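Engineer: I would like the atomic coordinates for the input below:
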Amino acid sequence: MKTVFLTLKFFLLSMVFICIFSALIGMGVYLHYSRSLPHIIQVTDYNPKVVAEVIDKKGTTVGEFYREKREIIPYNKIPVTVIQAFISSEDSRFFEHKGLDFTGIFRAMVANFKSGKFSQGGSTITQQVARSLLLTSEKKISRKIKEAILASKIEAHLSKEEILFLYLNQIYLGHNAYGVQAAAHLYFNKDVNQLTLAEAALLAGLPQAPSKWSPYTNSDKAKERQMYVLSRMVEEGYITKDAAEKSANERLKLYKNMDINLENAPYFTEFVRRYLFARYGADKVLDEGFKVYTTLDSNLQKIAQESIKQGLKNLDKKQGFRGPIAHLSNDEAIKKEMLNIHKEIIDSVREYIYFPEQWQEFKIKTKMFTVETKKDKSKAEINEQATPLDRGKDYKAIVLGINEKNQEVKITVGNTPGVIKRDGYSWVYSGGKLNSAILRRGDVIYVSLARPGIFAIEQKPLVEASLLSFNIADGSINAMVGGYDYAASEFNRARWRRNGR
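Structural biologist: Below is the predicted model:
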């Protein structure tokens, strides 16, 4: 009996020792990793990277500089639907746990084991906030420890609403968009408070792999994620099955991701960027949300750019025609290039694309959606329509033949046929009759639209020029054009040098 008592006593003392030792180790680990953690005690400590804007004299934004494209939006401006979509998708027990959801971790482990792949994560929304604030995605035990400690600290000092404020403004949602407001503008060209349920569900499906599951590059996976979010919202009781089905079948408009720096005054915007970097440093400019008010007059800038382009084209034509830019040897190649040109022009003028591009019908069965019928409206409708053209722009065209009797060139720009009359090609040669020695079937040339069905031959000028318009009284810049095409040459020929620098 005495032996049993001694053994039990030894066991209990050992357990006490192990518990104390483990507690000391845990405390040591906590203190060690706590030292380098960000200081998040209140929402005012949140100081994220935001966009710097270049603004013209009338208050219009003409350029942006950023490392993370983010627009901070207050929590009370975010619709309940958006909040519910993200909670359903990312952390359904968000309002119940204290930063770490052990039930969720176990559930994710079981789901991943059953599927045989990593299909679900166990990180809570609070952990995701902690991870993003740590500014690292390294897959190390030390990072996970820091993440857990910071998540606990955040939960202890911030309310659930404040944590959601941080999360919905911090989360990366693809294509340089950070936070729901920037993502709403990027994908749907609207503020977050205007999002439909279908749009909110699409965004809420992105956080786990925003680049991989982008609706622009992987529409099938993005659709699958959107339906997953809608299904989870049904399970959580936020929406009905009917509402989920209606949203799943809503055809969304995804807006093109345009670079504003290339649209308005590219040479001037780059000039401003270099000046700011030199004076304040790249970190301040890219991270601290500068508002840069300039003297640029956007109306004069547009006129200046058009004048430079037209002047250079006229000058280049005086140097003579350099010939077609390519030649297509057979009808199959001509047909293929017609379609390529058509697609390029369609893509350049479309403000948005449809999501999904094909019409589908979705039905919710039990907990998940299934595609009940699929109606392929086909891309043929887009490919067979007339190619949309505007005056003042140059397009690639394919020569289909020469009408020597009428002295006209028969062409097609994508799917839009037309002719080039004498006044549209007279600069190409000095005299005589137009014949196949000058142009022939299969030649690819540049043209501009003179009037419906009538075109003129153009060519990209080799010569360059610049223009700088400024107020002689104070030196303020009205317009700056550094060359014919910024995309082809970023060298700014309008930038002056002072004191040899």
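
Engineer: Excluding chain neighbours, what is closest to A450?
Structural biologist: Computed as CB to CB, 6 or more residues apart in numbering, the closest residue to A450 that is not its neighbour in sequence is A456, at 5.2 Å. All C-beta spots, glycine's among them, are computed from the backbone N, C-alpha and C.

Engineer: List phi and psi for that neighbour.
Structural biologist: Backbone torsions of A456, given as degrees, to the nearest 10, read phi -130, psi 150.

Engineer: any idea how far Y446 is from it?
Structural biologist: Distance of A456 to Y446, given as CB to CB, to the nearest Å: 10 Å.

Engineer: and if you look at D297?
Structural biologist: D297 is 30 Å from Y446, by CB to CB.

Engineer: Next: P388.
Structural biologist: With CB to CB as the criterion, P388 and Y446 are 17 Å apart.

Engineer: Of these two, which one has the most company?
Structural biologist: Neighbours per residue (other CB atoms under 10 Å) separate P388 from Y446, with Y446 holding more: 17 against 14.

Engineer: what pLDDT, on average, does the helix or strand that one falls within get?
Structural biologist: Assigned by DSSP states H and E, Y446 falls within strand 443-451. Strand 443-451 carries an average pLDDT of 95.

Engineer: go on, stretch 318-338?
Structural biologist: For stretch 318-338, the per-residue pLDDT averages 93.

Engineer: Please apply the same query to stretch 384-397.
Structural biologist: 88.

Engineer: Now do the buried residues in that stretch.
Structural biologist: 387, 389, 395-397 (16 or more other CB atoms under 10 Å).

Engineer: got the end-to-end distance for it?
Structural biologist: With CA to CA, to the nearest Å applied, stretch 384-397 spans 17 Å between its terminal residues.

Engineer: likewise stretch 56-68?
Structural biologist: Calculated as CA to CA, the first-to-last residue distance of stretch 56-68 is 22 Å.

Engineer: gap between it and the chain center?
Structural biologist: With CA atoms, centre = their mean, to the nearest Å as the basis, stretch 56-68 stands 17 Å off its chain's centre.

Engineer: Pull the residues that contact it.
Structural biologist: Contacts to stretch 56-68, defined as CB atoms under 8 Å, 6 or more residues apart in numbering, come from residues 48-55, 172, 176, 178, 260-261, 264-265, 268-269, 272-273, 276, 285-287, 290, 294-298, 301.

Engineer: And the buried ones among those, selectable in ChimeraX?
Structural biologist: Buried residues among the contacts of stretch 56-68 (16+ other CB under 10 Å), as a ChimeraX selection:
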select :48,49,50,51,52,53,54,172,178,261,264,265,268,269,272,273,276,285,286,287,290,294,296,297,298,301
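
Engineer: Among the contacts of stretch 56-68, which ones are in strands?
Structural biologist: Of the positions in the contacts of stretch 56-68, 52-55, 178 sit in strands, assigned by DSSP state E.

Engineer: with those residues in mind, which one is nearest to G281?
Structural biologist: Nearest to G281 among the ones in strands among the contacts of stretch 56-68: A52, at 12.2 Å, using CB to CB.

Engineer: Per-residue pLDDT of the closest one, please?
Structural biologist: A52 carries a pLDDT value of 94.

Engineer: I'd guessed it sits against Y293; true?
Structural biologist: No - counting by CB atoms under 8 Å, A52 does not reach Y293; the two are 11.8 Å apart.

Engineer: what residues are up against the residue nearest to E236 when sequence neighbours are not counted?
Structural biologist: The shortest distance from E236 to any non-neighbouring residue, by CB to CB, 6+ apart, is to S88 (5.0 Å). Shown in contact with S88 (CB under 8 Å, 6+ apart): 204, 229, 232-233, 235-236, 238.

Engineer: go on, I55?
Structural biologist: Going by CB under 8 Å, 6+ apart, I55 touches 61-62, 291-294.

Engineer: from the ones in strands among the contacts of stretch 56-68, which two are the most distant?
Structural biologist: I55 and Y178, at 21.3 Å, using CB to CB across the ones in strands among the contacts of stretch 56-68.
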